[in-house]
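Engineer: Sequence first, predicted model second:
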Amino acid sequence: MYTKRNYSLKQILLWTRKDIFYFVILSTVPVILYTVFRWYWLHLPWLPISLIGTAVAFIIGFKNNASYDRLWEARKVWGGIVNTSRSLTIMLNDYVNNEHAKKILSDQELFEIRRHLYCVT
């Protein structure tokens with residue numbers, strides 16, 4: 001487990017050396033094919049690439065926003081469930097007592113009644 005606040009450049013290079021090697025090879029192959037073997041058909045104009053990149057960025061941005069809204073809605077619902085269950089527990093602890101009982105029960109019997117109500121609800 002790493003407990004320091006920052007990573008050194010050496011650690012990052014050690015952790016990512018396989019990926020770095022893979023991407024260097026992956027980017028070297030088209031450069032060699034274009035310059036050495038003169039495969040000029042590999043050349044792509046920048047305009048279509050930038051248009052597609054901008055469209056993809058907008059689509060990803062909208063999807064990211066929608067997924068964050070769903071996550072936030074789920075957190076609100078979960079918070080409501082937690083608050084309601086806490087309120088129920090507090091009410092059960094307050095209402096199940098000997099204050100207005102016709103038959104006085106021991107603390108152990110009250111505890112068993114509360115435990116049974118917690119498990120049923």
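Structural biologist: Noted; the coordinates are in hand. Residues are numbered from 1 along each chain as shown.
Engineer: Which strands or helices does the host helix or strand of Ile49 pack on?
Structural biologist: Using DSSP states H and E, Ile49 sits in helix 46-95. Identification of packing neighbours for helix 46-95 by 3 or more Cβ pairs under 8 Å, 6 or more residues apart in numbering; DSSP states H and E yields helix 107-120. Where you see a C-beta, it was placed from the backbone N, CA and C, and this is true even at glycine.
Engineer: can you pull the buried residues of the helix it packs on?
Structural biologist: Of all the residues in helix 107-120, those buried under the rule 16 or more other Cβ atoms under 10 Å are 110, 114.
Engineer: Tell me what angle the helix holding Ile49 forms with helix 107-120.
Structural biologist: 150 degrees (axes from the mean of the first three to the mean of the last three Cα atoms, to 10 degrees).
Engineer: Identify the residue nearest the geometric centre of this protein.
Structural biologist: Leu71 (8.8 Å; Cα atoms, centre = their mean).
Engineer: distance of that residue from Asn65?
Structural biologist: According to Cβ to Cβ, to the nearest Å, Leu71 and Asn65 sit 11 Å apart.
Engineer: With Ile32 instead?
Structural biologist: In terms of Cβ to Cβ, Ile32 sits 41 Å off from Asn65.
Engineer: now swap in Glu73 and tell me
Structural biologist: 13 Å.
Engineer: so where is the protein shaky, pLDDT-wise?
Structural biologist: 1, 120-121 (pLDDT under 70).
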